[in-house]
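# dropping the sequence and predicted coords here.
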Amino acid sequence: MLEVTFLGTGAALPMRGGTNSAYLIRTDNACILFDCGPAIFQQLDAVGMHPSDLTQVFISHRHGDHALGFPMLVLAWALGLPPGQALPTIITSELTWGSLEIVIKNSYGDDVAVNCLQKLPRILLPHDAESQLAVADGVKLHTYPMNHSVFAPVLGGRFEIGDKVVAFTADTTPNDNIVPLAQNADLLVHEANFSAILQPELAQGGYGHSTAQIAGRNASAAHAKRLAMVHLGAHLAGKESVMIEEAKREFDGGVSVPVAGVTYAL
């Protein structure tokens, strides 16, 4: 089994009724959360999941719309994890981990959440270099630095599960690592914060983000099979069809703008 559930697909300021980007990767042996913004409890509950169901949590970078739900997850694990159940493994960069520690300590002082934080298994990766590791039985992860922010460096994630590949850019402008990240991916989840059609002045990307045109171009260059565009801002409400048309001008595979709650089976 391999399923990708889109818990939220919005940018830092999402469309009305939307929430920030977060995704679940579910296999026979793992339930991996990719990013966790402030609404993570509600996002998980909306698809019938609970923080105790998570086996790994990957956090791409320390910007709040991708990481501010983490303190609440830690509190949930500290107070509500069934006796004897293993804590989930946290996977992130060493720089992002430092910020997560600060946020939790500032939120809870010396409370149970901080004690839980110290016990969490974690894999800390360089923020400025590629890494490869096995994160679960049958799940390999290859991370690549993206190009987003000096303050908040981003790691994109390529998950190889059996003969399937799911790749996530997280937040990024065009860079040379996107194509190897997405090479022959069955599903490329690419941010598309802007539209080259609607905002031609940002056709090359801007403010640390990409367009639907860039997403389509990268999907084509990587020979991906399917492209899902996420991290759409409030300014794109009702313009999803334009985004899909824009990407399809560059990419002849399947293109979608998924809504929160949808699951893709691969």
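Thanks, I have it. Numbers count the residues shown, from 1 in each chain.
# going forward, measure contacts between C-alpha atoms and count neighbours the same way
Noted.
# and Trp87, what does it touch?
Let me fix one detail, which is that residue 87 is Leu and not Trp. Residues counted as contacts of Leu87 (C-alpha atoms under 8 Å, 6 or more residues apart in numbering) are 55, 77, 81, 120-121.
# gap between the nearest residue to His61 once chain neighbours are set aside and Met146?
What sits nearest to His61 in space, not counting adjacent residues and going by C-alpha to C-alpha, 6 or more residues apart in numbering, is Val154, at 5.0 Å. Distance of Val154 to Met146, computed by C-alpha to C-alpha, to the nearest Å: 5 Å.
# kindly report the same for Pro88.
Distance from Pro88 to Met146, by C-alpha to C-alpha: 25 Å.
# give me the common contacts of Val154 and Met146.
Between them, Val154 and Met146 share the contacting residues 171-172, judged by C-alpha under 8 Å, 6+ apart.
# list phi and psi for Ala260.
Main-chain torsions, Ala260, degrees, to the nearest 10: phi -60, psi 140.
# the one 3 residues further on now?
Backbone geometry at Thr263, expressed as degrees, to the nearest 10, gives phi -120, psi 130.
# that one is in contact with Gly8, isn't it?
No. Counting by C-alpha atoms under 8 Å, Thr263 stays clear of Gly8, with 11.4 Å between them.
# quick one: mean pLDDT over stretch 41-53.
Mean pLDDT, computed over stretch 41-53, is 97.
# kindly report the same for stretch 227-244.
Average pLDDT, stretch 227-244: 96.
# list the buried residues in it.
Neighbour-count burial for stretch 227-244, with 16 or more other C-alpha atoms under 10 Å as criterion, is recorded at 227-234, 236, 240, 242-244.
# on that earlier part again, same drill for Thr263 and Gly8, tell me which one is more crowded.
Gly8 (27 against 17; other C-alpha atoms under 10 Å).
# how close does that one sit to Gly37?
Noted for Gly8: a distance of 9 Å to Gly37, by C-alpha to C-alpha.
# rewinding a little: let's have the buried residues of stretch 227-244 in a markdown table, adding distance to Gly216.
Converted to a markdown table, the buried residues of stretch 227-244 look like this (distance: C-alpha to C-alpha, whole Å):
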| residue | distance to Gly216 |
| --- | --- |
| Leu227 | 7 |
| Ala228 | 10 |
| Met229 | 9 |
| Val230 | 12 |
| His231 | 15 |
| Leu232 | 15 |
| Gly233 | 18 |
| Ala234 | 21 |
| Leu236 | 17 |
| Glu240 | 14 |
| Val242 | 13 |
| Met243 | 10 |
| Ile244 | 9 |
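# which ones among those residues map onto helices?
Judged by DSSP state H, the buried residues of stretch 227-244 include 240, 242-244 as members of helices.
# report the two of the residues you listed separated the most.
Using C-alpha to C-alpha, the two most remote members of those are Glu240 and Ile244, lying 6.3 Å apart.
# which neighbours do those two have in common?
Counting by C-alpha under 8 Å, 6+ apart, the shared contacts of Glu240 and Ile244 are Val257.
# next, the nearest residue to Lys105 once chain neighbours are set aside: secondary structure please.
Sequence neighbours aside, Val114 is the residue nearest to Lys105 in space, at 6.1 Å (criterion: C-alpha to C-alpha, 6+ apart). Look at Val114: counting by DSSP: H, G, I helix; E, B strand; the rest coil, its state is helix.
# enumerate the positions of stretch 247-261 that are buried.
247-248, 250-252, 255-261.
# of all these, which two lie farthest apart?
The widest separation within these (C-alpha to C-alpha) is 27.1 Å, between Glu250 and Gly261.
# need the overlap of contacts for Gly8 and Gly37.
Among the neighbours of Gly8, those also in contact with Gly37 (C-alpha under 8 Å, 6+ apart) are 20-22.
# next step: these restricted to strands.
Among these, DSSP state E puts Ala22 in strands.
# just the closest of the shared contacts of Gly8 and Gly37 to Asp176, please.
Of all these, the one sitting nearest Asp176 is Ser21; the distance, using C-alpha to C-alpha, is 23.1 Å.
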